[in-house]
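Enquirer: Fold the stuff below for me.
(one chain, ligands or ions: 1)
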Amino acid sequence: MSDNESSSVPKELEEPPSKWDPSGPEWQDWKWQMANRLTSFEELKRLNIKGLKEEDFKFPLSITPYYATLLQNKDINYPLCKTMIPSAEELVKSPGEEDDPLCEDDMSPVPGLVHRYPDRVLLLTTNTCASYCRYCTRSRTVGTHCASTNIDLVVEYISSHPLIRDVILSGGDPLTLQTKTMVSLLTKIKSIPHIDVLRIGTKAPVVMPQRIDSDLIEALKAFHPLYINIHFTHPDELTPETIEACRKLAKAGMILGSQTVLLKGVNDDSETIKKLVLGLVKIGVVPRYLYQCDPITGSKHFRTPVEKGIEIINALQGFISGFAVPKFVIDAPKGGGKIPVGQTHITFMDDKSIKLRNYLGKIYEYPTE
Ligand code: SF4
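Expert: As a prediction, the model looks like this:
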């Protein structure tokens with residue numbers, strides 16, 4: 001956790017005082033958090049962040065009051081500031097970058113649905129997120145215009161493709177939808193006979209833990225088993241509020257996993273990732289993926305060499321519990337899907353044996369006859 005995770009808010013933000021009272025009843029209301037998001041340079045200036053530059057504010061910005069308290073009095077280079085505050089570098093398009101590098105639009109048979117793999121689909125439920133990450137793969141749509149998802153067409157498409165057994169609700173962030181809308185979506189999808197697995201991808205427990213309220217918990221329980229993948233970036237996001245949100249979800253029977261994007265100057269060292277993944281397993285969240293940052297337009301300043309991700313995984317593998325080590329993957333440009341990346345541990349292979357290198361670099365032989 002960061003050194004200033006008290007819930008006190010600087011004097012400058014208290015306009016009017018009741019509006020920014022973390023101990024007040026409104027603060028715990030996720031709808032209030034959504035309605036009072038910081039969306040301009042002027043509002044962000046009140047957080048007293050060192051190095052903030054008005055000329056960098058060219059793209060949509062949105063930060064919940066809750067998450068804003070994690071940024072207050074920090075420097076612009078503080079990892080969490082980097083992930084949420086616009087930078088002029090976003091305006092530079094580098095070679096190989098695309099607005100839609102994963103070709104999701106080309107793989108969308110009906111509006112709001114991406115069908116890339118044979119047995120699963122991605123349902124883009126909304127274009128809204130509680131807070132906007134600067135490196136978002138869907139920045140071409142997220143926060144920019146209304147979702148065009150037609151749920152009837154989606155259900156019709158899934159129903160007519162019996163190989164599909166797994167539906168991932170993503171967005172934007174599905175947990176910015178009203179609870180009754182979520183329930184309606186989940187009910188319609190679950191009623192399709194060949195759907196076995198429902199998943200939700202969200203950053204809400206991290207940027208707006210107030211969203212995990214008793215209404216939502218009660219509603220989601222009905223869809224057990226429900227897999228919830230939470231987008232974590234940095235160990236400083238493991239605040240008491242976020243930990244409590246995860247605890248409530250886990251206690252209600254949700255199966256929790258995490259995904260993290262590897263970002264230069266944010267989390268690109270093994271100690272940071274180790275602190276994050278050990279913090280996650282401690283609260284019942286299994287670290288699933290560490291992603292190489294997608295080459296979206298204006299993301300060069302966030303991308304690390306691929307070797308950095310391999311180096312981080314090698315620094316974890318064998319040194320911490322195996323289930324705490326995320327899989328390092330590249331989501332291949334042009335829609336190739338997630339491809340695991342790593343050093344092979346096989347140093348030699350013939351028809352009698354293979355030789356394997358362990359986490360300490362020692363070589364062991366395994367008979368294959
Ligand atoms: S939470 Fe996910 S969808 Fe929303 S802005 Fe961040 S990366 Fe994009």
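Enquirer: what's near enough to touch the closest residue to Ala332 other than its chain neighbours?
Expert: With sequence-adjacent residues excluded and distances taken as Cβ to Cβ, 6 or more residues apart in numbering, Ala332 is closest to Ile339, at 5.3 Å. For every residue, glycine as well, the C-beta is placed using N, CA and C. Listed by Cβ atoms under 8 Å, 6 or more residues apart in numbering, the contact set of Ile339 reads 329-332.
Enquirer: do that again at 7 Å, thanks
Expert: By Cβ atoms under 7 Å, 6 or more residues apart in numbering, the contact list for Ile339 reads 329-330, 332.
Enquirer: Could you tell me the model confidence score at the nearest residue to Leu276 once chain neighbours are set aside?
Expert: Nearest in space to Leu276, with sequence neighbours left out and distances taken as Cβ to Cβ, 6+ apart, is Pro235 at 4.4 Å. Looking at Pro235, its pLDDT is 98.
Enquirer: So Pro235 sits against Leu278, correct?
Expert: No - the criterion here is Cβ atoms under 7 Å, and Pro235 misses it with Leu278 at 8.6 Å.
Enquirer: which non-adjacent residue is nearest Ile313?
Expert: In space, Ile313 is closest to Phe328, 4.8 Å off (Cβ to Cβ, 6+ apart).
Enquirer: what comes up buried for the helix-or-strand element of the chain with minimal mean pLDDT?
Expert: Within the chain, confidence by mean pLDDT, DSSP states H and E is lowest for helix 41-45 among all helices and strands, at a mean of 89. Buried residues in helix 41-45, counted by 16 or more other Cβ atoms under 10 Å: 41, 43-44.
Enquirer: Next to the ligand in this structure, residues from the chain, please.
Expert: 129, 132-133, 136, 138, 142, 171-173, 203, 231 (Cβ under 6 Å from any ligand atom).
Enquirer: Look up phi and psi at the residue nearest to Leu276.
Expert: Backbone geometry at Pro235, expressed as degrees, to the nearest 10, gives phi -60, psi -20.
Enquirer: Check Pro101 too.
Expert: Here Pro101 shows phi and psi, under degrees, to the nearest 10, equal to phi -60, psi -30.
Enquirer: In this structure it contacts Cys293, no?
Expert: No - look at Pro101 against Cys293 with Cβ under 7 Å: they stay out of range, at 10.3 Å.
Enquirer: Please enumerate the strands of this structure.
Expert: Along the chain, counting by DSSP state E, strands occupy 113-117, 120-124, 166-170, 197-202, 226-231, 255-262, 286-292, 327-332, 337-340, 346-349, 353-357, 363-367.
Enquirer: Of all the ones you listed, which one comes closest to Pro86?
Expert: For these, proximity to Pro86 was assessed by Cβ to Cβ; strand 255-262 is nearest, at 17.2 Å.
Enquirer: Paired strands for that closest one, with orientation please.
Expert: Its sheet considered, strand 255-262 pairs with strand 226-231 (parallel), strand 286-292 (parallel) by DSSP bridges.
Enquirer: Need the winner for burial among these.
Expert: Comparing the strands paired with strand 255-262 by mean neighbour count (mean count of other Cβ atoms under 10 Å), strand 226-231 ranks first with a mean of 22.
Enquirer: What angle do strand 197-202 and it make with each other?
Expert: If you take axes from the mean of the first three to the mean of the last three Cα atoms, to 10 degrees, strand 226-231 sits at 30 degrees to strand 197-202.
Enquirer: could I get strand 226-231 in CSV with only the CA atoms?
Expert: The C-alpha trace of strand 226-231 is given here as CSV (Å, rounded to 0.1, in the frame of the first residue of the first chain):
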residue,chain,number,x,y,z
LEU,A,226,-19.5,-16.8,-11.9
TYR,A,227,-15.9,-16.1,-12.8
ILE,A,228,-14.8,-12.5,-12.2
ASN,A,229,-11.5,-11.3,-13.6
ILE,A,230,-10.4,-8.1,-12.0
HIS,A,231,-8.0,-5.7,-13.7
